Every structure is written in structure tokens, then in C-alpha cells.
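Student: Pasting the sequence and the predicted model now:
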Amino acid sequence: MPMAKGVGPERVLQIGEGRFLRGFVDWILAQLQRQGRYDGRVVVVFPRSANPAAREAWNRQQGQFSVVVCGIEAGHPVFRIDPVRVVSRTIDPHREWIAFLDTATLPTMEVLISNTTEAGLVWLDEGYVADQAPQSVAGKITAWLYRRFQAFNGAADRGMEIVPCELIDQNGTTLRTLVLRYAEAWHLPAAFRQWVTEANRFYNTLVDSIVTSWVDDGSHPELSEDALAVVREPYYRWLLEGPPTLGERWHLTRDAGLAVDFVPDLEPYRELKVRVLNGAHTAMAGLGLLMGLSTVREAVTHRTMASFIDALLRREVLPTLAAHGIAESEVTAFIETVLERFSNPYLVHRLEDIQLNADWKVYTRLWPSWQDYHNLTGHVPPLLTLAMAGQKRWLETQGTDNPFAAWPLGEAARDLLDAAVQAASDDLRTSPESAIGHTLNQTIGS
Ligand SMILES: NC(=O)c1ccc[n+]([C@@H]2O[C@H](COP(=O)([O-])OP(=O)(O)OC[C@H]3O[C@@H](n4cnc5c(N)ncnc54)[C@H](O)[C@@H]3O)[C@@H](O)[C@H]2O)c1
Ligand SMILES: O=P(O)(O)OC[C@@H](O)[C@@H](O)[C@H](O)[C@H](O)CO
């Protein structure tokens, strides 16, 4: 369905319409547009069949929405409403498959962005039926790239900058592997696979910024009608591992003043961000919910929980990052920034939202620190163990039996973990808050 507002050719295909893409990627594109650096407009694609109300909101607002940037920046309170007018139209590929494929034939298209949660970039065993959308995100992208390859006879200069933003390790490499796997499974020509590899650039990326929905309290009438408005903290950072081609297309030089950087190796940044920020979220969410807390802000302003998270990060996570070659001063500075970000009074970041797929978040966000701490010191980390026990207990209250059982662990690691978590769980049964206080006293006192 066309949405006529805005000028400039369609240059960006965005798979995903969620809060994060609106408050982060689309906002960055709006800043580039405002500075006259980039005129590209965005075609937003719903990765799953769109719910009619969401579609209607996008159409009613002609793809325009507000990003409320609020919190503390350089010690000063910030509350700003930034308009974002970069979207040209939306497409639901499950209903408009041909319109979706047709966008691949636009000579102006040059950037493909996705964010479909961790559940999006996965292999689904499915065939390709012409005229019908595959279910998988990577299958849709494969079909789209194949259409482009055909439309331009495999021209090397019609490849795309492919920028997945899903929070998974090596997201660009993962997407390329999935595309090549679909190309093979669907018996697409070898020349296409070669074009995918040689003419397209897949970036591994790391995004960092907290984006939540705008909760309308009537205080800003201009936002009352905006069903797509989001709230974002002032802090944001986008790191991309890959060639600078995307930066060149966006005229993204230092003087743009945007926190987007191209780095040769993402790994140290990823370890730092995931272990500190996401690790702290996962640690506070399970225990916090058991204690009756509901938001991140409530957790970091609760005396016992705040001390617990602070000690967990500085005593048990920090040493594991130093062992990964990240300077202690850098880790400490990041911990301090993160704790300040968590106390942002404007963000209503619900612990229950953080708990989506919590069993795997414990595995990717807490377990690596746990294991490294144990290897480094020969001791079980008591605070991380209690956080994991809190997660296990909370997951059990939600009906998941033995929530960590599916993790791929060797027998020795499994026995060690089970014994440690079991001991910590016993303490949680009576009062989570006193278990936290007790563990904290023992740790800090030792
Ligand atoms: N919101 C944040 O603060 C934030 C910050 C950094 C990273 N992220 C990342 O962004 C992701 C989305 O967060 P959000 O706040 O935009 O959520 P959201 O619910 O607003 O959007 C989720 C998006 O993913 C799509 N999606 C969900 N499940 C899917 C599936 N199984 N297959 C294909 N697509 C699927 C939805 O259609 C939608 O486009 C998170 O999982 C996280 O990895 C979020
Ligand atoms: O978005 P999720 O569900 O992967 O994880 C929940 C939070 O930890 C996450 O959204 C952080 O706020 C974000 O990663 C900050 O950059």
C-alpha cells in the first residue's frame, strides 16, 4: 500500500517493523536525512503476517512516527521528541509477495536491514514455491536476492549492504550462511551463490540502546495519536564489522556526530555489552520477579537488589572480561554507564519483557561469565549462581521443568552447575530478598 510522504528514492529494505528498528535504525536514518547526508527512503517489511491493526497504524500515519529521546545525557536531563519521516511504505510479504519481490528490481535499492529477534534468523526446513512467501526470514531474503540477481543479470554493482541487527553472535555471517543454505536447498544456480558471496556485503553488527513503547499519559497531546511512537534512552551505539562501504553510502563521517562505528573485530565489544548489560538484566529479572519487582528501574533503586547487581558486575563479571583482554578501566566505565542507564526515570522497561526466552538468555548472558570465573579462580561465583538459581526458580513457576537441561554442556560442567544452583535454590525458597542479602554479606565479607 503506497504511503506518499517524503522525498527521495527507496534505497533501504527493512525486514522488521518493531520498536527497536523504529527508535534506533530509522531514527539514525532520519538524522542522516536531516543533515542532508542520505536521501534514501525505507520500505518496511513485516517479517510475519502483519496484524491488521499494526498495518492500519502504519498507513494512517503514512509511515511517520516520533522517537521520544529521554533520560540523562552528559549529566543533564533530556526530553526531546524527534520526528522520523523516512519510511515510504510497508509491505506484508505474506499478502503481497509479488510487490515484495518487485522491490528487488529497483536499481536504487542498496541496503537491507533486519531485526526479527533471535527467533527470526533460524533455519526452517521448507521448499520454495514460486508466488508464495517462505515462512522463514532468511528464505524471504534469499528469494528477494535471487530476484535481484535475475533482474540485473548478476551485475556485481547491484549487490546489497546487508545489515542484520538481531542480537546473535556473528549475525551477518549467520544470515549469509542461511541464504547460501537456502540457495543450495532450492537448487538455485551456482552463479547466484557466487553473486551472493562476491557482490553483497554482510556485516556483523552490535546494537546497544534501550527502546520501549511510549505509554500515553496525556502529557504530550502530539503523541496521543501516534501509535508507532517509541521511547529511547539518549545513549545508543551501533558497531559494524565489515567494509566501510555502508558508511560511504551514508556519508557517515565523524562530523555527523552519530555513534555508528566500523570496527575490525566486534568480539571484545560484544563480550563487554552482553556480559555486563544483558547479563545484569537477566540476573535482575528472575530474582526481581520472585521479589515482586516489575521494572528495571525498580530493581536498581531497590537497596538489596542494587547492591547485588553492582557486586555481581564488579566482582564476578569484570574479572572475566579482563581475561578477554578488555582493560579493567574500560569495563568499570561501562558498568557505571549501564547502571546509570538502568535508572533512567523515563523508561518503563518491564522485567517480564526481558524474560522472553530467558532459559537461553541465561546460557548466553550469564553462563559464560560463570564458567570463566570458575576457570580463573577455581571457585563457584556465588552471586552469578544465585542469579541463575533465581532464573531457574522463576522459570519453574512459569511451568518450565528443568529449564537449563537443553544447554549443550559436558558432563563435568553439568554436574558442577547443577550442584551449585541446587544449593543456592534452597535458600531462595523462603525469601528471595533475604537469600540475596545473605549471599551478598557472605561475598562482600569474605
Ligand atoms: N527494545 C530494545 O531495547 C532492544 C535493544 C537492543 C536490541 N534489541 C533487539 O531487538 C529485538 C526486537 O526488539 P523490539 O523491542 O523491536 O521488539 P518488538 O516486539 O517491537 O519487535 C519484534 C520484531 O521481530 C519480529 N519477530 C518476532 N518474532 C519473530 C519470528 N519468530 N520470526 C520473524 N520475525 C519475528 C516482529 O514481527 C517485529 O518486527 C530484540 O529481540 C533484541 O534482540 C532490542
Ligand atoms: O531485547 P532482548 O529480549 O534480547 O533482551 C532484553 C534486554 O536485555 C535488551 O533489550 C537490552 O535492553 C538491549 O540489548 C540494550 O541494548
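Tutor: It's in. Ligands and ions are numbered 1, 2, ... in the order given.

Student: can we go C-alpha only for contacts and neighbour counts from here?
Tutor: Noted.

Student: Let's verify residue 153: helix, strand, or coil?
Tutor: Secondary structure for residue 153, judged by DSSP: H, G, I helix; E, B strand; the rest coil, is coil.

Student: How many residues are close by it?
Tutor: Residue 153 has 11 neighbours, counted by other C-alpha atoms under 10 Å.

Student: Show me which residues of this structure are close to ligand 2?
Tutor: Remark: the part of the chain in contact with ligand 2 comprises 207-210, 278, 281, 354, 356, using C-alpha under 6 Å from any ligand atom.

Student: where's the dip in pLDDT among these?
Tutor: Of all the residues of the chain next to ligand 2, residue 356 carries the smallest pLDDT score, 89.

Student: so how far is residue 350 from that residue?
Tutor: To residue 350, residue 356 is 11 Å away according to C-alpha to C-alpha, to the nearest Å.

Student: for residue 379, same thing?
Tutor: When C-alpha to C-alpha is applied, the distance between residue 379 and residue 350 equals 33 Å.

Student: When the two are compared, which one has more neighbours?
Tutor: Ranked by neighbour count (other C-alpha under 10 Å), residue 379 and residue 350 place residue 350 first, with 17 against 11.

Student: Could you grab the helix/strand/coil label for residue 406?
Tutor: Secondary structure state of residue 406, per three-state DSSP, is coil.

Student: Could you check the pLDDT of it?
Tutor: For residue 406, the pLDDT comes out at 90.

Student: How about the residues of this protein by ligand 1?
Tutor: Looking at ligand 1, the residues of the chain close enough under C-alpha under 6 Å from any ligand atom are 16-21, 46-48, 115-120, 137, 166-167, 207-212.

Student: Now, those that are in strands?
Tutor: Helix and strand membership here follows DSSP state E; of the residues of the chain next to ligand 1, those in strands are 207-208, 211-212.

Student: Between which two of these is the distance greatest?
Tutor: Greatest spacing in these, by C-alpha to C-alpha: 207 and 212 (14.8 Å).

Student: quick one: the helices in the stretch 1-150 of the chain?
Tutor: 19-21, 27-34, 52-60, 97-102, 137-151 (DSSP state H, counting those that start in this stretch).

Student: could I get those helices as a markdown table with mean pLDDT?
Tutor: As requested, these are arranged in a markdown table below (pLDDT from 0 to 100):
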| stretch | mean pLDDT |
| --- | --- |
| helix 19-21 | 96 |
| helix 27-34 | 97 |
| helix 52-60 | 92 |
| helix 97-102 | 98 |
| helix 137-151 | 98 |
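
Student: My guess is residue 63 contacts residue 56. True?
Tutor: No - here residue 63 does not reach residue 56: they are 10.3 Å apart, not a contact under C-alpha atoms under 8 Å.

Student: For these two, indicate the residue with more neighbours.
Tutor: Neighbours per residue (other C-alpha under 10 Å) separate residue 63 from residue 56, with residue 63 holding more: 25 against 13.

Student: Nearest residue to the more buried one in space, please, no chain neighbours.
Tutor: Leaving aside its chain neighbours, residue 63 sits nearest to residue 87 (5.2 Å; criterion: C-alpha to C-alpha, 6 or more residues apart in numbering).

Student: Can you name the residues that contact the residue of the chain found nearest ligand 2?
Tutor: Closest approach between the chain and ligand 2, counting by C-alpha to the nearest ligand atom: residue 208, at 3.3 Å. Applying C-alpha atoms under 8 Å, 6 or more residues apart in numbering, we find residue 208 in contact with 236-238, 273.

Student: And residue 166, by the same measure?
Tutor: Applying C-alpha under 8 Å, 6+ apart, we find residue 166 in contact with 114-118, 121.

Student: one more time with 7 Å
Tutor: Contacts here follow C-alpha atoms under 7 Å, 6 or more residues apart in numbering; on that basis residue 166 touches 115-118.

Student: those strands in the protein, which residues are they?
Tutor: 10-15, 41-45, 65-73, 76-84, 87-91, 111-114, 161-164, 201-202, 204-208, 211-213, 230-232, 237-241, 260-263.

Student: Return the most buried member of the ones you listed.
Tutor: A comparison of those by mean neighbour count, using mean count of other C-alpha atoms under 10 Å, puts strand 230-232 on top with a mean of 26.

Student: domains of this structure?
Tutor: Following automatic domain parsing, the chain resolves into domains at 10-258, 267-445.

Student: Can you check the pLDDT for the residue most central in space within the chain?
Tutor: The centre of the chain sits closest to residue 167, judged by C-alpha atoms, centre = their mean, with a distance of 4.1 Å. According to the prediction, residue 167 has pLDDT 88.

Student: which regions of the stretch 301-446 of the chain sit below the pLDDT cut-off?
Tutor: 446 (pLDDT under 70).

Student: where along it do the helices fall?
Tutor: Read by DSSP H, counting those that start in this stretch, the stretch 301-446 of the chain holds these helices, from start to end of the chain: 303-311, 318-322, 328-342, 351-354, 358-361, 367-377, 382-397, 411-428, 432-445.

Student: Check what contacts the first one and list those residues.
Tutor: The one in question is helix 303-311. Looking at what lies outside helix 303-311 - C-alpha under 7 Å, 6+ apart - the contacts are 280, 299-300, 437, 440.

Student: Any chance of those residues in JSON lines with neighbour count and distance to residue 417 as columns?
Tutor: Shown next, in JSON lines, are these (neighbours: other C-alpha atoms under 10 Å; distance: C-alpha to C-alpha, whole Å):
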{"residue": "280", "neighbour count": "26", "distance to residue 417": "19"}
{"residue": "299", "neighbour count": "25", "distance to residue 417": "26"}
{"residue": "300", "neighbour count": "22", "distance to residue 417": "27"}
{"residue": "437", "neighbour count": "17", "distance to residue 417": "22"}
{"residue": "440", "neighbour count": "22", "distance to residue 417": "20"}
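
Student: rewinding a little: which of the residues of the chain next to ligand 2 has the most neighbours?
Tutor: Neighbours here mean other C-alpha under 10 Å. Within the residues of the chain next to ligand 2, the largest count is held by residue 281, at 23 neighbours.

Student: mind listing what residue 11 touches?
Tutor: With contact taken as C-alpha under 7 Å, 6+ apart, residue 11 is in contact with 40-42, 108-111.

Student: confidence score at it?
Tutor: pLDDT, residue 11: 98.
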